[in-house]
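Student: here is a sequence together with a model predicted from it:
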Amino acid sequence: MKITVLGTNGWFDTDTGSTNCVLLQTSDYSVIMDAGFGITKIKTRVDFSKPVYLFLTHLHLDHVIGLHALDYFNFEQPLRVITPIGGTDDLKDLLRSPFSAAWDSHVYPIEMIDAKNLEKTNLPFKVEALPLVHAVPDTGYRFEIDGKIIAFVIDTAYCENAVKLAKNADLLITECGFYPGTANTVSGHMTPETAAKLASDSNAKQTVLIHFGANAFETIDKRSRAVDTGRKVYPELIMGLDNMEFIL
């Protein structure tokens with residue numbers, strides 16, 4: 001499978017990157033994780049004749065603002081949107097007039113599935129969803145696809161569920177919302193050091209940081225210097241960049 005990081009910024013787009021989005025592709029389907037403006041890049045990357053599954057962690061705008069561009073894509077099969085645990089009604093309220101085109105008015109059908117109902121949903125892969133620690137309800141995911149484990153743990157403080165989702169992951173995709181020494185559990189974000197602790201405690205094989213807070217990380221150099229602090233705990237920590245690719 002190929003995993004492409006399409007957006008690595010938190011809060012808003014800057015010259016350093018688009019807001020959060022990660023694309024996972026197999027020969028049979030595509031999985032999209034979060035829908036910041038990075039999602040617009042799937043236009044030239046996704047085979048729209050195959051099934052597409054979109055997983056959302058929470059409803060802060062930097063994670064769903066790209067849904068405003070759904071009419072930009074040509075899905076040939078129903079788009080299945082997995083909403084955060086308990087977040088389906090709120091997402092439907094957001095995706096309606098006068099804020100956007102109504103979620104059920106696109107030229108292709110959209111099926112919304114609450115993450116709390118994943119066990120009852122027929123998906124071609126295994127996925128686990130658990131609540132995380134953030135300022136609003138937030139959901140993390142653990143995918144088991146083609147014998148590999150991919151954990152998507154975004155916008156959270158360090159917590160037991162984050163470790164559980166990331167346990168022995170082949171690839172942990174997690175966040176670096178705050179600059180070293182500035183995180184707090186109330187806001188629900190991590191620094192490079194706490195993200196590295198998560199990677200180490202969960203025994204993740206590879207860990208890439210995304211969701212760099214746009215206000216804290218104005219340049220790629222500032223990202224790089226911050227990530228270096230996390231490498232003291234987890235030496236293989238990877239600084240995420242837009243359009244970075246991983247093959248698993």
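Tutor: The structure has been received and is ready for your questions. Since the model is a prediction, treat every value here as computed from it, not as a measurement.
Student: which ones are touching the most far-flung residue of the chain relative to its centre?
Tutor: In the chain, the residue that sits farthest from the middle, by CA atoms, centre = their mean, is Pro98; the gap is 26.7 Å. The contact partners of Pro98, by CB atoms under 8 Å, 6 or more residues apart in numbering, come to none. Backbone N, C-alpha and C define where each C-beta goes, glycine included.
Student: if I look at it, what pLDDT would I see?
Tutor: pLDDT, Pro98: 94.
Student: where does it sit: helix, strand or coil?
Tutor: Using DSSP: H, G, I helix; E, B strand; the rest coil, the structure places Pro98 in coil.
Student: now it: how far from Gly66?
Tutor: Pro98 is 19 Å from Gly66, where distance means CB to CB, to the nearest Å.
Student: repeat that for Arg223.
Tutor: 22 Å.
Student: now swap in Glu193 and tell me
Tutor: 30 Å.
Student: higher neighbour count, those two?
Tutor: Remark: of Glu193 and Gly66, Gly66 carries more neighbours, 27 against 22, as counted by other CB atoms under 10 Å.
Student: just confirm the more buried one contacts Ile42, I think it does.
Tutor: No - counting by CB atoms under 8 Å, Gly66 does not reach Ile42; the two are 9.2 Å apart.
Student: joint contacts of these two?
Tutor: Cys21.
Student: element containing Lys205?
Tutor: Lys205 is part of no helix or strand when elements are defined by DSSP states H and E.
Student: how about it, nearest residue that isn't a chain neighbour?
Tutor: Of all residues not flanking Lys205 in the chain, Asp170 sits nearest, at 5.2 Å (CB to CB, 6 or more residues apart in numbering).
Student: give me phi/psi at the one you found?
Tutor: With angles defined as degrees, to the nearest 10, Asp170 sits at phi -70, psi -30.
Student: tell me which residues touch Leu91, please.
Tutor: 56, 59, 64, 81, 83, 103, 112.
Student: ok, now how distant is it from His63?
Tutor: Counting by CB to CB, the gap from Leu91 to His63 is 11 Å.
Student: who touches both of the two?
Tutor: Leu56.
Student: okay, the residue nearest to Lys205: pLDDT?
Tutor: 98.
Student: kindly report the same for Ala129.
Tutor: 98.
Student: repeat that for Thr185.
Tutor: Reported pLDDT for Thr185: 62.
Student: can you check Glu119 too?
Tutor: 89.
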